[in-house]
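Undergrad: Take a look and give me a structure for this.
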Amino acid sequence: MTQNPIQNPNSILPMAATTNHGGGGGATGAGGDDRVLATAQQILKSLKAPKEDREDMLLIFSTFDNRLSGITDLINGDDSKSSKSDDDDDDDEDLDRFEAAEKVILDDSSLSTESSRQSTSLFDPPNDPEVYFNAVDEIIQWMEHFTISPPINSAVKTGKIILDRADNAIQVAMSRLEDELRHVLICNTVPPDAVSRCSTNRRSSLSFSSHDGAGGFDDNSGSFGDAGDPGSHRFHERGVSLGDDLFVDLVRPESILNLKDIIDRMVRSGYERECLQVYSSVRRDALVECLAILGVEKLSIEEVQKFEWKSLDERMKNWVQAAKVVVRVLLSGEKRLCDSLFGELEDVKEMCFNETAKGCVMMLLNFGEAVAICKRSPEKLFRILDMYEVLRDALPELEDMVTDEFVITEAKGVLRGLGEAVKGTFAEFESCIRNETSRRPVITGDVHPLPRYVMNYLKLLADYSNAMDSLLEISEEALYHFKNDLGGDESQLEALSPLGRQILLLMSELEHNLEEKSKLYEDHALQQVFLMNNLHYLVRKVKDSDLIEVLGDNWVRKRRGQVRQYATGYLRACWSKALACLRDEGVGGSSNNASRMALKERFKNFNACFEEIYRVQTAWKVPDDQLREEMRINISEKVIPAYRSFMGRFSGQLEGRHAGKYIKYVPEDLETYLLDLFEGSPAVLHHIRRKST
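TA: Residues are numbered from 1 along each chain as shown. From the prediction side, this is the model:
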């Protein structure tokens, strides 16, 4: 059996070598040319190989000598008459298939106007998409064949005609497939509201002290009031937490195969750009529509800066939720969709995803940039922190998916801007505390709105310790202020985190501010009650929150000691005069020879002191139940035993029908009346029945 030279090309090397030692053929003259062509002709005739094999052999022969290009006629000319009829049959069959495929495409084009295409898809009955796709495949194969094996010599003109017809058919088919790609994508895109429902409303509500009556900072008056706008300062709701990534189909799964059929043929035909444009425009619009459902609008910086706080706050909250959904749900889903549809077409897949993702990501970033340069005010801090944290956490995932350097650079720039906004807003808050100089005292001695506002603010801030620690730096000016004006210990700062240092400084400034406010009271006893109430409030808020982790147990113990000092200061300032009436001095050497007039005066003075204290201090308020009870016990332990002892020693000297005029109360009465103190409800004792001994 004769060996096929295609399988063993070395079999022709000796013959070629003997006929052309020069490698170019020109040196041997016309006789050499004839011998080379004759030899090649003899080989081909003896093998009677199929046409495809003869074409391959021709290519191999040509690599040895350029004169062998003249044996084309051995393949297509008269010398191959023995196989011509078979080849003609094959060519006719191929041409028939081509013309049938061309007819399918052109007939569909003539019947399908723009309006009818919108209502009749290739995938809608009675259409059979396989027929159309097979026709497209046939045309693609013809074009690939002409690209690999272009027609030569006498077949050039015929091949050019066929190639033009194939190119025209492909253009028509690709126009149809562009429409189909758009139609299938639009009709099978999952509705935006269904996608947005993946973000459940699991919210962690953090009260800005709506329960303890905290007011907000009034930018106009520069003070903290009792009745702030309930939507502006007293309440903050952190954004939703999605937890693990959620798998969401952005298009209906049953459409995936149809989309792949379309995309595959557009790419094979060289229409990658058109495929990319159609796909990315449809999916980009779908993602932007999802953003609208999530409450994110396309706004300019000027529009954002004109919003009132309540409106801006709602949009910032929507943004935080939307950013999580976009990165963890929409973009991850879009990435999976691109991977599924474009497979190993890495360049096309990357460009499609980047173009699709860019629109919605830039909408988010534009709003973030606008917020970052808005006017600073303390109530915005927590929303800005929410935005900073969600963008910070999303950035690594965004970088893994989006390879567009412009988008990633913009995202990093917005993150830096939000970080600067956090620092600037926190500095504004510090300035408000430092410069708060309202001159209106709390009449009852109750907790001032300033510490209520500050402590609830700081409690919320502790939840953002990670972000704040990465952004804050303590300034030399703040350190100097702490050491000199407030008598702080520098080592105390060194042991704390950056946020802890700032909070410690703020607490010190707050205590200093409260001491200044206590001086607004003329009554020294009320000064002590005011300071006791406010410092006790600070201690309780620190102890019952994460602030204890920041400030530590030593801070709490020290302030508790100060609370006791203020309570003692109150007893000394308020009850010293009443207790002085119960001393033995000035009423005689013993109970038997005591001056009746002096005794009468002592009882009258004590009664007057007690009734005045009762009248005034029932209007004072100690809001903490435990502290109020401790105060009453302390008073009882000081006053009741002294009164009982004085009354027991000297009441006998005032026996008679007028004794009740001076001895108005028994010790048990006093204990009962002390229970009315510090309730914030003024009362008097003039109606009380006088007691007799």
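Undergrad: Helices of the stretch 251-400 of the chain, residue ranges please.
TA: 256-268, 272-293, 301-306, 309-325, 332-342, 346-372, 381-401 (DSSP state H, counting those that start in this stretch).
Undergrad: want to throw those helices into a markdown table with mean neighbour count, distance to residue 650 and mean pLDDT?
TA: (Each C-beta comes from the backbone N, C-alpha and C, glycine too.) Below are the helices of the stretch 251-400 of the chain laid out as a markdown table (neighbours: other Cβ atoms under 10 Å; distance: least, Cβ to Cβ, whole Å; pLDDT from 0 to 100):
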| stretch | mean neighbour count | distance to residue 650 | mean pLDDT |
| --- | --- | --- | --- |
| helix 256-268 | 19 | 103 | 93 |
| helix 272-293 | 19 | 85 | 93 |
| helix 301-306 | 13 | 77 | 92 |
| helix 309-325 | 20 | 67 | 94 |
| helix 332-342 | 19 | 88 | 92 |
| helix 346-372 | 20 | 75 | 94 |
| helix 381-401 | 20 | 64 | 95 |
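Undergrad: Can you add distance to residue 181 and give these back as a markdown table?
TA: Shown next, in a markdown table, are the helices of the stretch 251-400 of the chain (distance: least, Cβ to Cβ, whole Å):
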| stretch | distance to residue 181 |
| --- | --- |
| helix 256-268 | 5 |
| helix 272-293 | 5 |
| helix 301-306 | 35 |
| helix 309-325 | 26 |
| helix 332-342 | 10 |
| helix 346-372 | 12 |
| helix 381-401 | 23 |
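Undergrad: Quick one: closest of these to residue 511.
TA: helix 381-401 (21.9 Å; Cβ to Cβ).
Undergrad: Give the next helix or strand downstream of that closest one.
TA: helix 405-434 (DSSP states H and E).
Undergrad: list the helices and strands that following helix packs on?
TA: helix 346-372, helix 381-401, helix 449-462, helix 465-471, helix 498-518 (3 or more Cβ pairs under 8 Å, 6 or more residues apart in numbering; DSSP states H and E).
Undergrad: make it 10 Å
TA: strand 217-218, strand 223-224, helix 346-372, helix 381-401, helix 449-462, helix 465-471, helix 498-518 (3 or more Cβ pairs under 10 Å, 6 or more residues apart in numbering; DSSP states H and E).
Undergrad: Nearest to residue 317, out of the ones you listed?
TA: helix 381-401 (6.8 Å).
Undergrad: Okay, domains of this structure per the record?
TA: Following automatic domain parsing, the chain resolves into domains at 9-76, 84-188, 194-204+239-427, 449-567, 581-674.
Undergrad: Relative to residue 136, how far out is the nearest residue to residue 102 once chain neighbours are set aside?
TA: Distances taken as Cβ to Cβ, 6 or more residues apart in numbering place residue 169 nearest to residue 102, at 4.9 Å, with adjacent residues excluded. According to Cβ to Cβ, to the nearest Å, residue 169 and residue 136 sit 8 Å apart.
Undergrad: Likewise for residue 271?
TA: For residue 271 relative to residue 136 (Cβ to Cβ), the value is 11 Å.
Undergrad: between those two, who's got more neighbours?
TA: Under the criterion of other Cβ atoms under 10 Å, the comparison of residue 271 against residue 136 puts residue 136 first, with 27 against 21.
Undergrad: contacting residues for that one?
TA: For residue 136, the contacting residues are 101, 104-105, 169-170, 172-174, 176-177, 261-262, 264-266, 268-269, by Cβ atoms under 10 Å, 6 or more residues apart in numbering.
Undergrad: Any regions of the stretch 151-300 of the chain where pLDDT drops low?
TA: 151-159, 194-247 (pLDDT under 70).
Undergrad: sorry, back to before: quick check: neighbours shared by residue 271 and residue 136?
TA: By Cβ under 10 Å, 6+ apart, the residues touching both residue 271 and residue 136 are 170, 173, 174, 177, 265.
Undergrad: Could you check what's spatially nearest to the fourth one, not counting adjacent residues?
TA: Taking Cβ to Cβ, 6+ apart, and ignoring the residues beside it in sequence, residue 177 has residue 262 as its nearest neighbour in space, at 5.1 Å.
Undergrad: for the one you found, what are its contacts?
TA: For residue 262, the contacting residues are 122-123, 129, 133, 136, 174, 176-185, 275, 278-279, 341, by Cβ under 10 Å, 6+ apart.
Undergrad: rerun that using 8 Å as the cut-off
TA: By Cβ atoms under 8 Å, 6 or more residues apart in numbering, the contact list for residue 262 reads 177, 180, 181, 184.
Undergrad: got it, and residue 643?
TA: 582, 606, 667, 670.
Undergrad: And residue 552, by the same measure?
TA: Counted by Cβ under 8 Å, 6+ apart, residue 552 has zero contacts.
Undergrad: Tell me which helix or strand it sits in.
TA: helix 547-580.
Undergrad: Run the angle between that helix and helix 498-518 for me.
TA: Using axes from the mean of the first three to the mean of the last three Cα atoms, to 10 degrees, the inter-axis angle of helix 547-580 relative to helix 498-518 is 20 degrees.
Undergrad: In terms of secondary structure, what does the helix or strand just after helix 547-580 contact?
TA: Next along the chain after helix 547-580, taking DSSP H and E as the criterion, comes helix 596-617. With contacts defined as 3+ Cβ pairs under 8 Å, 6+ apart, helix 596-617 has these neighbours: helix 547-580, helix 625-650, helix 667-674.
Undergrad: what comes up buried for the shortest one?
TA: If I follow you right, that is helix 667-674. Within helix 667-674, the residues that qualify as buried are 667, 669, 670, 671, 673, 674, counting by 16 or more other Cβ atoms under 10 Å.
Undergrad: Test my guess that the fifth one contacts residue 613.
TA: No - in terms of Cβ atoms under 8 Å, residue 673 does not count as a neighbour of residue 613; the distance is 9.5 Å.
Undergrad: Please name the residues that touch residue 636.
TA: So residue 636 contacts 671, 674 (Cβ under 8 Å, 6+ apart).
Undergrad: State the distance from it to residue 621.
TA: Residue 636 is 19 Å from residue 621, by Cβ to Cβ.
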